[in-house]
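>>> coordinates only, sequence not included:
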């Protein structure tokens, strides 16, 4: 390694190491579905699937009560009004589901449906879908709540409502919505995972541990208990382990936190959040300044298939009350040369008996040792 490898001074110990390099894939964005990543260290995610359009009951004017659809409730409605209502909902659904979604048109049609039949939960659920697709979470919350007020068994509204509440940082309310969602679908590991995510953000770590473990049990070691495909099962399982790791961290059970996060990496090594922050250790020694105590040192192994490389450094994230505090601080950098060739890739981080930070580099076959005098 050249002397320009690092921007900060280091004491170097040369040690032969052999590690395998994982694969990088781009993380999904939450728009219209996917995952929502919030926890910088654990890469924990809130699983979210784009909600289905309200069902149009053209053949059954009075509607049905299935989980994904909804029905016209309350006052007596003429068959003509119901047919017109279904036609409006069908136009709204088509506008939302177009190759290039026409959200303005969809919103207008769902609003028209709500005025025509103000007791039809489907119209308000459709509005909620349009709003959540666009990140208009306050409006989404209001619309889904109205749908559930009209039809409490409208199961399709619970998950997107809880998601919208979480995106609005209203975690206690989100928890209250996920819990009845479990009564509707008690074997869905995604609900348990998301509930664990919300519990973590509400500082209810012991409860987060319980529900994350339940998600892991439902997913099973082979995934046979889960109704989705193998790759999808592994992604959800990886997130459940990350949420579990963050819960253990909130309880100051750092060894268990580290093991859970390592398990997340083993389960889904192609998940960006699972491997990108490949090495993690919480600092509980006394050699570094006080501000480092209880925080996390994270080895970012780095991408391999991006035009602009990401990672290739070690960062520090301060923690307060079990949650990340402030932006990350770069601790070890310079693993790329001017042409973006990798001179090194941090893979594992640990704290030695003297309280120094050890960083394993699987390209340079080196362990780098950072002491208090090296920190800026």
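Ah, there it is. Not measured: the values here are computed from a predicted model. Numbering: from 1, shown residues only.
>>> ok now the top strand by length along the chain, how far from the chain's centre?
Selection of the longest strand in the chain by residue count, based on DSSP state E, yields strand 323-332. In terms of CA atoms, centre = their mean, to the nearest Å, the gap separating the centre of strand 323-332 from the centre of its chain is 19 Å.
>>> Name the residues of it that are buried.
Of the residues in strand 323-332, 323-324, 328-329, 331-332 count as buried by neighbour count, 16 or more other CB atoms under 10 Å. C-beta coordinates here come from the backbone N, C-alpha and C atoms, glycine included.
>>> swap in stretch 241-261?
Buried residues in stretch 241-261 (16+ other CB under 10 Å): 241-250, 253-254, 257-258, 260-261.
>>> so which helix or strand takes in residue 52?
Under DSSP states H and E, no helix or strand contains residue 52.
>>> residues contacting residue 208?
195-197, 199-200, 243-244, 246-247, 250 (CB atoms under 8 Å, 6 or more residues apart in numbering).
>>> That one: what secondary structure?
State at residue 208, reduced to three classes by DSSP: H, G, I helix; E, B strand; the rest coil: helix.
>>> can you give me the angle the strand or helix carrying residue 235 makes with strand 323-332?
Element membership for residue 235, per DSSP H and E: helix 230-250. Relative orientation of helix 230-250 and strand 323-332, computed by axes from the mean of the first three to the mean of the last three CA atoms, to 10 degrees: 100 degrees.
>>> State the distance from residue 298 to residue 210.
26 Å (CB to CB, to the nearest Å).
>>> got any ranges where the stretch 51-200 of the chain has weak pLDDT?
For the stretch 51-200 of the chain, residues meeting the criterion pLDDT under 70 lie at 58-81.
>>> Let's see that with 50 instead.
59-69, 71-76 (pLDDT under 50).
>>> returning to what we had before: so between residue 298 and residue 210, which is more surrounded?
Set residue 298 next to residue 210 and count neighbours by other CB atoms under 10 Å: residue 298 wins out with 25 against 16.
>>> Phi and psi next, for the more buried one.
phi -130, psi 120 (degrees, to the nearest 10).
>>> That one reaches residue 318, doesn't it?
No: using CB atoms under 8 Å, residue 298 is not in contact with residue 318, being 11.9 Å away.
>>> Pull the most distant pair out of the buried residues of strand 323-332.
323 and 332 (23.8 Å; CB to CB).
>>> Please report how far residue 137 lies from residue 169.
Residue 137 is 10 Å from residue 169, by CB to CB.
>>> Same question for residue 206.
On the measure of CB to CB, residue 206 and residue 169 end up 21 Å apart.
>>> Now do the strands in this structure.
Going by DSSP E, the chain shows strands at 11-13, 33-37, 45-49, 277-282, 296-300, 313-320, 323-332, 346-351, 357-361, 366-370.
>>> Neighbour count: residue 137 and residue 169, which is higher?
residue 137 (21 against 11).
>>> Quick check, the more buried one in contact with residue 144.
No: using CB under 8 Å, residue 137 is not in contact with residue 144, being 10.2 Å away.
>>> shared neighbours of these two, which are they?
residue 164.
>>> domain parsing for the protein?
In terms of domains, the chain is parsed into 1-24+276-376, 29-47+187-268, 55-168 (source: automatic domain parsing).
>>> Buried residues in stretch 340-359, which are they?
Quick answer for stretch 340-359 (16+ other CB under 10 Å): 342-351, 356-359.
>>> Quick one: distance of that stretch to the chain centre.
27 Å.
>>> So what's the model's average confidence on that stretch?
Mean pLDDT, computed over stretch 340-359, is 83.
>>> Straight-line length of that stretch, end to end?
Its start and end residues considered, stretch 340-359 measures 21 Å (CA to CA, to the nearest Å).
>>> switch to numbering from 25
With the count now opening at 25, the last piece we talked about shows up as stretch 364-383.
>>> quick one: pLDDT of residue 54?
29.
>>> same check, this time on the one 3 residues further on
Turning to residue 57, the model gives it a pLDDT of 39.
>>> Which parts of the stretch 175-324 of the chain are helices?
Counting by DSSP state H, counting those that start in this stretch, residue ranges of the helices within the stretch 175-324 of the chain are 182-191, 195-208, 213-225, 229-243, 254-274, 278-291, 296-299.
>>> Most tightly packed of these?
Neighbour counts (mean count of other CB atoms under 10 Å) averaged over each of those peak at helix 213-225, with a mean of 28.
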